[in-house]
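Asker: any chance you could fold what I've pasted below:
(one chain, ligands or ions: 1)
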Amino acid sequence: MPKLPRIAAGNWKMHGLSADLAEARALAAAFPEPAVEVLLCPPATLIARMAVTLGGSGLRVGGQDCHASDAGAHTGDISAAMLADAGAAYVILGHSERRADHGETSAEVAAKVAAAWQAGLVAIVCLGETEDERAAGRTLDVVAAQLAQSLPEGATPANTVVAYEPVWAIGSGRTPTEDEIAEVHGFLREQSPDPEIRLLYGGSVKPDNADTVFAVPGVDGALVGGASLKASDFGAIVAALARA
Ligand code: PEP
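Answerer: Predicted coordinates for the structure are as follows:
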């Protein structure tokens, strides 16, 4: 199988109103045929309109979470089938903010991943250690357990992407050293059910450190939060990935 393209995925989190679709439009205009896989994951309210906005460009849309069930009495939740119906091709699952804010366990993440696959979505599965876990020398144990427990049987390079996101690096402006990223990515590659599953780094990736991050062996792209909100910043990161 040919090697899959690298990925730049933007996580808008709980940011974005209709007017912000202009950023998606600007990004699509800058990369009408991106050399890498580029996607934006806006809040659920914008997914359908984002899909229309990006339609015809090579850029794709993703959700930020889904329920493990197809449909049912789950007020406020959204199913993977609904995301796909709205035009999403990917869904971020197990983000540390959901693990922390909503007490999501890896077992629950695994059930959501299975639902995502069922709906034809690519699951972007997030994992990463807290600052205390790193200080205690437990980083590799933590990510190994999260990887093993968050992926159901059947993960392939086509249906799954893994994002290593140290919790302490998210939104903090701090990043691990290149050696630290390389160590975790190398380890996850060994632990992965398939070595071709793409491994993204996430946590304070910005235009000014993107070249450095993408030069780390084993990094197949990035999951980007804050810097994905502005087309100029995310565009610079996409350009860095394309030339890496
Ligand atoms: C994220 O939320 O997945 C993330 C990486 O955020 P930031 O880039 O803002 O650190």
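Asker: residue of the protein closest to the ligand, please.
Answerer: In the chain, the residue that lies nearest the ligand is residue 225 (2.2 Å; CB to the nearest ligand atom). In this view, the C-beta of every residue, glycine as well, is placed from N, C-alpha and C.
Asker: any idea how many residues pack against the residue lying closest to that residue once chain neighbours are set aside?
Answerer: Distances taken as CB to CB, 6 or more residues apart in numbering place residue 11 nearest to residue 225, at 5.0 Å, with adjacent residues excluded. Residue 11: 26 surrounding residues under other CB atoms under 10 Å.
Asker: how near is residue 11 to residue 136?
Answerer: As judged by CB to CB, to the nearest Å, residue 11 and residue 136 stand 27 Å apart.
Asker: count of residues packed around residue 218?
Answerer: Around residue 218 there are 16 other residues, counting by other CB under 10 Å.
Asker: that one: what's it in contact with?
Answerer: By CB atoms under 8 Å, 6 or more residues apart in numbering, residue 218 lies in contact with 182, 185, 186, 189, 199.
Asker: the helix or strand where the fourth one lies: which residues count as buried?
Answerer: Per DSSP states H and E: residue 189 is located in helix 178-191. Taking 16 or more other CB atoms under 10 Å as the neighbour-count basis, helix 178-191 is seen to contain the buried residues 181, 182, 183, 184, 185, 187, 188, 189, 191.
Asker: same question for stretch 233-244.
Answerer: Using 16+ other CB under 10 Å as the test for burial, stretch 233-244 gives 233, 234, 235, 236, 237, 238, 239, 240, 241, 242, 244.
Asker: the second one reaches residue 12, doesn't it?
Answerer: No. With contact taken as CB atoms under 8 Å, residue 234 and residue 12 are classed as non-touching, separated by 10.1 Å.
Asker: shared neighbours, these two?
Answerer: In contact with both residue 234 and residue 12: residue 228, using CB under 8 Å, 6+ apart.
Asker: which residues of this structure lie near the ligand?
Answerer: Within the chain, the positions lying close to the ligand (CB under 6 Å from any ligand atom) are 11, 165, 170-171, 202-205, 223-227.
Asker: switch to 8 Å and redo it
Answerer: Residues of the chain lying near the ligand by CB under 8 Å from any ligand atom: 11, 13, 92, 95-97, 126, 163, 165, 169-172, 202-206, 222-228.
Asker: filter the residues you listed down to just the ones in helices.
Answerer: Among the residues of the chain next to the ligand, DSSP state H puts 96, 97 in helices.
Asker: need the residues that contact stretch 167-180.
Answerer: For stretch 167-180, the surrounding residues in contact (CB under 8 Å, 6+ apart) are 96-97, 100, 128-131, 134, 166, 181, 184, 202-205, 209, 212-213, 215-216, 225-226.
Asker: could you redo the last one with a cut-off of 6 Å?
Answerer: For stretch 167-180, contacts defined as CB atoms under 6 Å, 6 or more residues apart in numbering pick out 96, 128, 130, 131, 166, 203, 204, 216.
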